[in-house]
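1. A predicted structure for the sequence below; I have some questions about it.
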Amino acid sequence: MAEIEFYGADWCGDCRRSKSLLNTLGVEYEMFDVEQSKEYADQAQAISGRTNIPVIRFKDGQHLVEPSDAVLHAELKLRGLVD
């Protein structure tokens with residue numbers, strides 16, 4: 001399992017924003033496109049209990065749903081994934 005699993009879609013503005021932050025910070029993640037696979041969409045909903053995306057799940061099972069850049073960055077720092 002990757003350090004981060006990212007459930008999202010290309011059309012989703014919040015997904016593009018969160019992916020951009022991860023890419024800018026050099027944080028590796030595994031992408032699951034919920035638009036391309038009902039299974040991925042179902043997994044994202046099972047993780048978060050909601051249909052909102054992105055769902056960003058960490059290795060320990062904790063997750064964020066539609067995080068702001070500040071919240072996502074703080075979580076990455078807390079986990080030691082960025083300086």
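-> Here it is on my side, so go on.
2. can you give me the helices in the chain?
-> The residue ranges that make up the helices of the chain, judged by DSSP state H, are 13-25, 38-48, 69-78.
3. what angle separates the shortest one from helix 13-25?
-> Put plainly, it is helix 69-78. Compare the direction of helix 69-78 with that of helix 13-25 by axes from the mean of the first three to the mean of the last three C-alpha atoms, to 10 degrees and you get 40 degrees.
4. partners of Arg57 in the sheet?
-> Beta bridges link Arg57 to Glu5, His63 when assigned by DSSP bridges.
5. Hmm, it is touching His63, no?
-> Yes. Counting by C-beta atoms under 8 Å, Arg57 touches His63, with 4.3 Å between them. C-beta here means a position set from N, CA and C on the backbone, and glycine is covered the same way.
6. can you list residues touching both of the two?
-> With contacts taken as C-beta atoms under 8 Å, 6 or more residues apart in numbering, the residues that reach both Arg57 and His63 are Ile47.
7. Tyr7 is nearest to which of the helices of the chain?
-> Ranking the helices of the chain by their distance to Tyr7 (criterion: C-beta to C-beta) puts helix 38-48 first, at 3.7 Å.
8. Can you pull out the residues in contact with the closest one?
-> Contacts made with helix 38-48 from outside it, assessed by C-beta under 8 Å, 6+ apart, are listed as 7, 32-35, 51, 53, 55, 57, 63, 65.
9. where's the spatially most central residue of the chain relative to Gly8, distance?
-> Closest residue to the average C-alpha location of the chain: Ile56 at 2.5 Å, with C-alpha atoms, centre = their mean. Taken as C-beta to C-beta, to the nearest Å, the spacing of Ile56 relative to Gly8 amounts to 8 Å.
10. Now do the shared contacts for those two.
-> Ser18.
11. rewinding a little: let's have the helices of the chain in CSV, adding mean neighbour count.
-> CSV is the format used below for those (neighbours: other C-beta atoms under 10 Å):
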stretch, mean neighbour count
helix 13-25, 16
helix 38-48, 16
helix 69-78, 14
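12. Cool, thanks, talk later.
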